[in-house]
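>>> fold the following for me, if possible:
(2 chains)
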2 protein chains.
Amino acid sequence: MTGTATRSAGLNALSATEVVQKIATGATTAEAVVRDCLARIAERDGAVKAWAFVDPALALRQARELDRGPARGPLHGVPVGIKDVIDTVDMPTQMGSPIYDGYRPRCDASCVAILRAAGAVILGKTITCEFAGVEPNVTRNPHNPAHTPGGSSSGSAAAVADFMVPVAFGTQTGGSILRPASFCGIVGYKPSFGTINRAGLKFAAESIDTIGPLTRTVADAALVTAVLVGATLPTLAWSGAAPRVGVCRTHLWSTAEPATVAAIEDAAKRLGAVGEAKLPSGFEALSEAREVFNEFERARAMAHEWHAHRDRISARLAKSIQNGMAMKWERYLASRHVVAGWRARLDALFDGFDVLLAPCVPGEAPEGLGHTGDPRMQGIWTLLHAPTITLPTHRGPKGLPVGIQLVGRIGDDEKLLAAASWVRDRLGPPR
Amino acid sequence: MTGTATRSAGLNALSATEVVQKIATGATTAEAVVRDCLARIAERDGAVKAWAFVDPALALRQARELDRGPARGPLHGVPVGIKDVIDTVDMPTQMGSPIYDGYRPRCDASCVAILRAAGAVILGKTITCEFAGVEPNVTRNPHNPAHTPGGSSSGSAAAVADFMVPVAFGTQTGGSILRPASFCGIVGYKPSFGTINRAGLKFAAESIDTIGPLTRTVADAALVTAVLVGATLPTLAWSGAAPRVGVCRTHLWSTAEPATVAAIEDAAKRLGAVGEAKLPSGFEALSEAREVFNEFERARAMAHEWHAHRDRISARLAKSIQNGMAMKWERYLASRHVVAGWRARLDALFDGFDVLLAPCVPGEAPEGLGHTGDPRMQGIWTLLHAPTITLPTHRGPKGLPVGIQLVGRIGDDEKLLAAASWVRDRLGPPR
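As a prediction, the model looks like this:
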């Protein structure tokens, strides 16, 4: 690894699962864990710029309160970062936009309130691209500060990758969880649409916006999600024969750089992929359909900002809203009809496969901070409501991370996570 | 009609469509329309209690600003009431709960911002049941103050029925638009799920929550919805032979009182219904599934209020949240799977029919204000994401309104509205 996001020795480098265990056995305290996370932030965030808001005193107060009481829940003492488009009652929620400077919501978002009640420490707010869109913010890739961390969950990915916090929330409308996770070399999980409740999320395109965790381990992603939905805590054990992996290169394969081609071919080989998932013709239209959904729905979601604060919206976002405002309902409705058909037929793609292996990003994180990268390889699955996860399995020519993407059937996240855990073990550390 | 919601002579009795025309031709002004609406509110709202917030000076300022400028859009000068679970930047949004006393959102909800930009006057906020649930608020039925107006869009239905405003927004998670509309004798339209953008709506159960208009005419419902989604303004003309009406009594038919039985049989006869839409066995499970969705999702959406303000939540809502909190993900997920299957098969129910005629409510609005009535006849269609509309076509033994319900195919709202317009003309004023 050429970068500086090397494993730090403190409690900040523990996974959420390890934090819970160590606090439960008395080996450490929530306060000690939070102190090490804050120390890492103090040391590194001047360079990485992952955080929109951290109040060390507030974080430590939460930790000490947990240490004084009995075990509060399955995330007792776990520090968590919250993407700054998700409401927090005790911290500003600024959406990556001057329009929301200093905004204090009246109420925690659902996912924040549930995590607090389960014992998590809300460590702070992570940097988002403007309204979770494509206009970059200030965050840098912790592996190389000249490169984008990806977006729009830029701060969440960078903070987790840089060992500032074991878990952060992201949101994905195109590729805003998986792309930054892949670029920063961590696990990014977008559950099936409708899994994590979105009350208190600022919408981009509400029919596809999905909240999901960024973590350093598959077990942590599964743990946090199980707590949020009230599921039995998963074992992640893959039972029986190896998962049947189907390779799904998609119509975007020609846009893959050598690093991604090598990552997918290597993974397919070492995972013993059993075949190729052939996409029916017409599938490529989903890339355009995602743009239709994104622009039509975002323009309506942001009607207030557009009419009342247009001068404080970036040119790039303004263009997208303008496109959406001008788009006729009839075009969007036709697109919805096409997409609903594909969602209904998606199961057929899994005939003979437990999980699909697909490219996640074209290659390593591009150089420069003016652009967060191409969302298309992630976006088709978001549009389809399918669960997807990226794992940090490979590296590119510059030594930067290149993740693979695993895709599951809609609603069968349990199998996807178990397969991901199996894949992670099988492939080992990034090559 | 025994009640007091008789047609008032002022401009407040105009439909939205009429308001737009009269202002466009110079026959009246936005200010004059708003003044008559405010006068009606001053005269009647002490008895009806439809409004949570009205600031006459603010409403008149909006109207005068419109009168000073050029035509702003297709709703120029139309006064609108906004259910108090939908955010408004210049008025409090109090959710029918003391937890949100005096709360001022930072931003207009999408539907409010789009209406403002189209020239509507945001007249005020209408009373909602606590968080759009079942705990009643103070609103009375304008036809008889001893009876419930229905809920949870109680104030929106009562205000429109009582000629205080031509249009108000409601939201429906079970039957919260159609039930109060039916009880108050007006038009209540719940579009297909995903039609009107929900940014700025306080969620109850996000996978089924739907925003829709309450109006006195089908044309107004179609006009407002077209503006919100950016569709071509509809003509509502039914072309060709009469719509093929299928009667769908549903598994809840045995709960229909004589007034509803008479309304449906009379409508079926006079509309020349061509047959009966037979529900496949298992359909009755949807009533329980709606409860599962409602309790599971609401508990998560209200996690903050539950953990931080439990003492200010009504006993009835607290019980529902408690049920939802205790409900396992696995049960909800199984229910989602069943419902997804029914949604996919819903089209088959329309074989040979353009629209279904179904019971909307068990009968007239029940006496008393302690209960807003039974949501089940409306709730099954909400759960299925189908568009539905109630029309004020009949009366019960006490002279109170009893509406019928028309149901369309998912996504084919245009046909449903055209059929509804045809039905309204064919059936004429309530009998």
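
>>> need the contact list for the closest residue to chain B within the stretch 1-150 of chain A.
Nearest residue of the stretch 1-150 of chain A to chain B (Cβ to the nearest Cβ) works out as residue A:113 at 3.6 Å. No exception for glycine: its C-beta is placed from N, CA and C like everyone else's. Contact analysis of residue A:113 by Cβ atoms under 8 Å, 6 or more residues apart in numbering or on different chains lists A:107, B:303-304, B:306-308.

>>> got the residues of the stretch 1-150 of chain A near chain B?
Residues of the stretch 1-150 of chain A lying close to chain B by Cβ under 8 Å from any Cβ of the partner chain are A:89, A:100, A:103, A:106-110, A:112-114, A:116-117.

>>> hmm, try it at 6 Å
Contacts of the stretch 1-150 of chain A with chain B, taken as Cβ under 6 Å from any Cβ of the partner chain, map to A:103, A:106-108, A:110, A:113-114, A:117.

>>> select the longest helix from chain A.
helix A:30-48 (DSSP state H).

>>> and that one, average pLDDT?
Averaging pLDDT along helix A:30-48 gives 98.

>>> C-terminal to that helix, what's the next element?
Sequence order places strand A:51-53 as the next helix or strand after helix A:30-48, per DSSP states H and E.

>>> in its sheet, which strands sit next to that following strand, and in what direction?
strand A:121-126 (antiparallel) (DSSP bridges).

>>> orientation of the strand it pairs with relative to helix A:30-48 in degrees?
Angle of strand A:121-126 versus helix A:30-48, following axes from the mean of the first three to the mean of the last three Cα atoms, to 10 degrees, is 10 degrees.

>>> other SSEs contacting the next helix or strand after strand A:121-126?
Where DSSP H and E defines the elements, the next helix or strand beyond strand A:121-126 is helix A:154-161. If contacts are counted by 3 or more Cβ pairs under 6 Å, 6 or more residues apart in numbering or on different chains; DSSP states H and E, helix A:154-161 sits against strand A:79-83, strand A:121-126, strand A:167-172, helix A:178-184, strand A:210-215.

>>> can you pull the phi/psi pair for the residue sitting furthest away from the middle of chain A?
Distance from the centre of chain A peaks at residue A:68, with 32.5 Å (Cα atoms, centre = their mean). Torsion angles at residue A:68 (phi, psi; degrees, to the nearest 10) stand at phi -80, psi -30.

>>> now do it, the pLDDT please.
Note for residue A:68: predicted pLDDT of 98.

>>> JSON lines for the helices and strands packed on helix A:154-161, including mean pLDDT?
JSON lines is the format used below for the helices and strands packed on helix A:154-161 (pLDDT from 0 to 100):
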{"stretch": "strand A:79-83", "mean pLDDT": "98"}
{"stretch": "strand A:121-126", "mean pLDDT": "98"}
{"stretch": "strand A:167-172", "mean pLDDT": "98"}
{"stretch": "helix A:178-184", "mean pLDDT": "98"}
{"stretch": "strand A:210-215", "mean pLDDT": "98"}
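
>>> quick check: which of the ones you listed is buried the most?
The highest average neighbour count among these, using mean count of other Cβ atoms under 10 Å in any protein chain shown, belongs to helix A:178-184 at a mean of 36.

>>> so what's the residue nearest to the spatial centre of chain A closest to, chain neighbours aside?
Central residue of chain A (Cα atoms, centre = their mean): residue A:177, 2.4 Å from the mean position. Take residue A:177 and drop its neighbours on the chain: the residue closest to it by Cβ to Cβ, 6 or more residues apart in numbering or on different chains is residue A:170, 4.0 Å away.

>>> do you know how far that neighbour is from chain B?
Noted for residue A:170: a distance of 19 Å to chain B, by Cβ to the nearest Cβ, to the nearest Å.

>>> which residues touch that residue?
Taking Cβ atoms under 6 Å, 6 or more residues apart in numbering or on different chains, we find residue A:170 in contact with A:83, A:153, A:156, A:177, A:212, A:214.

>>> repeat that with 7 Å
Contact analysis of residue A:170 by Cβ atoms under 7 Å, 6 or more residues apart in numbering or on different chains lists A:83, A:153, A:156, A:176-177, A:188, A:212, A:214.

>>> closest to chain B among these?
residue A:212 (15.3 Å).

>>> ok, what's across the strand from the closest one?
With DSSP bridges as the criterion, residue A:212 is bridged to residue A:170.

>>> let me know whether it touches residue A:187 as I believe.
No: using Cβ atoms under 7 Å, residue A:212 makes no contact with residue A:187, being 10.1 Å away.

>>> which other residues reach stretch A:199-209?
With Cβ under 7 Å, 6+ apart as the test, stretch A:199-209 has contacts from A:85-87, A:95, A:107-110, A:112, A:131-133, A:171, A:173, A:193, A:198, A:211, A:293-294, A:297-298, A:301, A:382-383, B:194, B:197-199, B:203, B:206, B:301.

>>> report the distance from it to the chain centre.
Chain-centre distance of stretch A:199-209: 14 Å, with Cα atoms, centre = their mean, to the nearest Å.

>>> tabulate the contacts of residue A:170 (TSV), appending distance to residue B:165.
Formatted as TSV, the contacts of residue A:170 follow (distance: Cβ to Cβ, whole Å):
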residue	distance to residue B:165
A:83	39
A:153	42
A:156	44
A:176	40
A:177	43
A:188	47
A:212	42
A:214	47
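
>>> what about residue A:318, distance to residue A:422?
45 Å (Cβ to Cβ, to the nearest Å).

>>> what of residue A:239?
Taking Cβ to Cβ, one finds residue A:239 at 10 Å from residue A:422.

>>> what residues does the stretch 301-431 of chain A put near chain B?
By the rule Cβ under 7 Å from any Cβ of the partner chain, the part of the stretch 301-431 of chain A lying against chain B is A:301, A:303-305, A:307, A:328-330, A:333, A:337, A:344, A:411.

>>> ok, which pair from these is furthest apart?
Of all pairs drawn from those, the one with the longest distance (Cβ to Cβ) is A:307 and A:411, at 38.2 Å.

>>> from the rest of the structure, what touches the helix or strand containing residue A:423?
According to DSSP H and E, residue A:423 maps onto helix A:413-427. Residues outside helix A:413-427 that contact it (Cβ under 7 Å, 6+ apart): A:191-192, A:195, A:218-219, A:221-222, A:234, A:236-238, A:243, A:267, A:270-271, A:354-355, A:387, A:389, A:391, A:393, A:406, A:408.

>>> taking the residues you listed one by one, which sit in helices?
With helices taken from DSSP H, the overlap with the contacts of helix A:413-427 comprises A:218-219, A:221-222, A:267, A:270.

>>> and the buried ones among those, selectable in PyMOL?
Buried residues among the ones in helices among the contacts of helix A:413-427 (16 or more other Cβ atoms under 10 Å in any protein chain shown), as a PyMOL selection:
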select buried, chain A and resi 218+219+221+222+267
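
>>> just the closest of the ones in helices among the contacts of helix A:413-427 to chain B, please.
residue A:222 (12.5 Å).

>>> identify the residues contacting the closest one.
Contact analysis of residue A:222 by Cβ under 7 Å, 6+ apart lists A:234, A:236, A:417.

>>> distance of it from residue A:21?
Counting by Cβ to Cβ, the separation of residue A:222 from residue A:21 is 15 Å.

>>> tell me the SS of residue A:305?
With DSSP: H, G, I helix; E, B strand; the rest coil as the basis, residue A:305 sits in helix.

>>> which residues does the residue nearest to it when sequence neighbours are not counted contact?
In space, residue A:305 comes closest to residue A:99 once its chain neighbours are excluded; the distance is 5.7 Å by Cβ to Cβ, 6+ apart. Contacts for residue A:99 (Cβ under 7 Å, 6+ apart) come out as A:305, A:309, A:312.
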